[in-house]
Every structure is written in C-alpha cells, then in structure tokens.
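In: Kindly return the folded structure for what I paste below:
(4 chains)
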2 protein chains.
Amino acid sequence: MEYKIKSRIWIEVDGEILLGEGRVQLLKAIAETGSLTKAAASLSMSYKKAWSLVDAVNTRAKKPVVNTSIGGTKGGGTELTEYGRTLIQTFDNLNENCWAFLDEQLANSEL
Amino acid sequence: MEYKIKSRIWIEVDGEILLGEGRVQLLKAIAETGSLTKAAASLSMSYKKAWSLVDAVNTRAKKPVVNTSIGGTKGGGTELTEYGRTLIQTFDNLNENCWAFLDEQLANSEL
DNA sequence: AACCGTTATGTAATTGTAAATATAACGAGA
DNA sequence: TCTCGTTATATTTACAATTACATAACGGTT
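Out: The predicted model follows:
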C-alpha cells in the first residue's frame, strides 16, 4: 500500500543510447563468460540482439568497450576492455546514488 | 560527442505502476480539456489506452485522482481531483530534482 | 586438410502490444 | 422523446519488435 519510487537511468551520445541497465547486465555476463554467445544464452537473449547491443555500445563509446577474436581452439571470444570495466562501475555507482536520492526525496514529500 | 545522462522515474504500489511520465502527461491533458476523449486525441493516443491508464492510476492511488461524469448536455467529462493535482505536482518536482542530481553526478565522474 | 566453437550478418517467422472498430449506457436540454 | 458528446468495454485488426533459423568466415588444434 505504500508508494515506492523507481527509476531507470541511461547514458546517451548524440541522442542515441550508449548504455542502460540491460546493456550493463550483458557486459557483466560477457565479463563472466568470455563469450558473447554464452552471455546471451545466460540472459535468455538471442545472439543477434546481444550482438547488436554490444556493437552499439562499442561504436558509440569514446573508447572500445570489448575486444573480440574469431577462430582458434576455443572458436574465439569477447572480453571487456579496461574502459568497459570502468564504464560499468561508474554506471552502477550512478544508479545506486540515484536510487538513494529518490528514496530520500519521496520520504520528504507529502504523498 | 559528450555523454549525457537521462532517467525516467515512476511510482509503484504493490509492485505495479501507479504513475509515470506518460500518465502524468495524460492527466495534464485531462486538466486542460476536461475530457478523456479530447485528452487522448491531443496526445494521439487511443481512447482505450487513455482510459486504461487513468483507470489504473485511479484504482491504485490512495485517493481518487479524477472524477468522471456520463451524460448531460456536454455528454459528460473527466476532471482532476485536488489529490490528482498534488500528485502531478509532486511527481514533476521529484523528476526535476532527479535530473539535476544526475547531471551533477555525471559531471563529477571520470567518464 | 578437416574439425570445432565462436563472431558476424541476413532473412523468415512469430508473437505480443497497440490501434482500430463496434456497441451500449448515460443524462441534460431542445 | 429524440439528439448529442461523453464514458465504458469487448472484439477484431494491424504493426513492430523480437526471436528463430540459415549461412559464411575465422583460426588454433588434431
């Protein structure tokens, strides 16, 4: 019966989405699995969609966010760059700060 | 080329959406037109969708947000309650405070 | 040279959401 | 009592986003 305030944040570049919660989740799955295929599967997401999301992030960010390799013993793989990791870290920080801020704001309102 | 941070906020009750930006916009249109039909049209939204949104807000809020009347010379109409107006007002305040907070947060980050 | 798991990309199929359409009820005024 | 614009609701239609499927390329290893 209580009101709860929720939010979603995202970062844009040139009016297009660079990074949001879904993409961060995907990047985290890539960091864990080392593979875009496995990351997509772990999120029950089609490979095509996962690829499109990562491609969008990679081309719009100021620096590359992932390194990919094709072929070889393991078939290839996808790994986060150092910049990719700081991007995720910063996003998570912004998000948590935002939630705390909004909770406080709502508590101070008269609803 | 610069990163910009965006956000959307909404208020939930029992895990369901009570009020978000779209619903606030609709309530504002109702306040201006005095009619759900006209409000929907002014937002290029189907009447059915508009009605569903208003109904959801009205049934989940702690107090009614609109008063409706059917029939009569003007056919009827929909008007905001006092509580509806304060709800809108508070939502807009929360939203603007959130935007300002996030802009500041992003500026203080290293992205 | 053949194999394997992966990245990369296009096309067809599906499905879930939104819109369009139809219908009923209401009530003040002419 | 008839009209008119509105609220209220169900059903059908259309569309857009997502998934599913198919195919090619890659490069260590065997």
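In: What about residue A:19, how many residues nearby?
Out: Other residues within reach of residue A:19, judged by other C-beta atoms under 10 Å in any protein chain shown, total 26. C-betas here are computed from N, CA, C, even on glycine.
In: mind checking the longest strand of chain A?
Out: Residue-count comparison of every strand in chain A, with assignments taken from DSSP state E, identifies strand A:3-13 as the longest.
In: quick one: average pLDDT of that one?
Out: Mean pLDDT, taken over the full extent of strand A:3-13, equals 96.
In: And it, what's buried?
Out: Using 16 or more other C-beta atoms under 10 Å in any protein chain shown as the test for burial, strand A:3-13 gives A:3, A:5, A:7, A:9, A:10, A:11, A:12, A:13.
In: Same list (those) but as a markdown table, adding distance to residue B:60.
Out: Below are those laid out as a markdown table (distance: C-beta to C-beta, whole Å):
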| residue | distance to residue B:60 |
| --- | --- |
| A:3 | 10 |
| A:5 | 14 |
| A:7 | 19 |
| A:9 | 24 |
| A:10 | 26 |
| A:11 | 31 |
| A:12 | 31 |
| A:13 | 36 |
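In: filter those down to the ones near chain B?
Out: With C-beta under 8 Å from any C-beta of the partner chain as the criterion, the members of the buried residues of strand A:3-13 in contact with chain B are A:3, A:5, A:7, A:9, A:10, A:11, A:12, A:13.
In: Can you lay out these as JSON lines showing distance to DNA strand C?
Out: JSON lines is the format used below for those (distance: C-beta to the nearest atom of the strand, whole Å):
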{"residue": "A:3", "distance to DNA strand C": "23"}
{"residue": "A:5", "distance to DNA strand C": "22"}
{"residue": "A:7", "distance to DNA strand C": "19"}
{"residue": "A:9", "distance to DNA strand C": "21"}
{"residue": "A:10", "distance to DNA strand C": "19"}
{"residue": "A:11", "distance to DNA strand C": "21"}
{"residue": "A:12", "distance to DNA strand C": "22"}
{"residue": "A:13", "distance to DNA strand C": "19"}
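In: ok, of the residues you listed, which one's closest to DNA strand D?
Out: Minimum distance to DNA strand D across these is 14.1 Å, recorded for residue A:10 (C-beta to the nearest atom of the strand).
In: tell me the contacts of that closest one?
Out: Residues touching residue A:10, when contacts are defined by C-beta atoms under 8 Å, 6 or more residues apart in numbering or on different chains, comprise A:17, A:18, A:19, A:20, A:21, B:5, B:6, B:7.
In: likewise residue A:78?
Out: A:30, A:34, A:35, A:36, A:39, A:54, A:66, A:67, A:68, A:69.
In: Of these, which is the most crowded?
Out: Of all the contacts of residue A:78, residue A:30 has the most neighbours under the rule other C-beta under 10 Å, reaching 25 neighbours.
In: Spell out the secondary structure type for the closest residue to it other than its chain neighbours.
Out: Nearest-residue entry for residue A:30: residue A:39, 4.5 Å, with adjacent residues in sequence omitted and distances by C-beta to C-beta, 6 or more residues apart in numbering or on different chains. Under the three-state scheme (DSSP: H, G, I helix; E, B strand; the rest coil), residue A:39 adopts helix.
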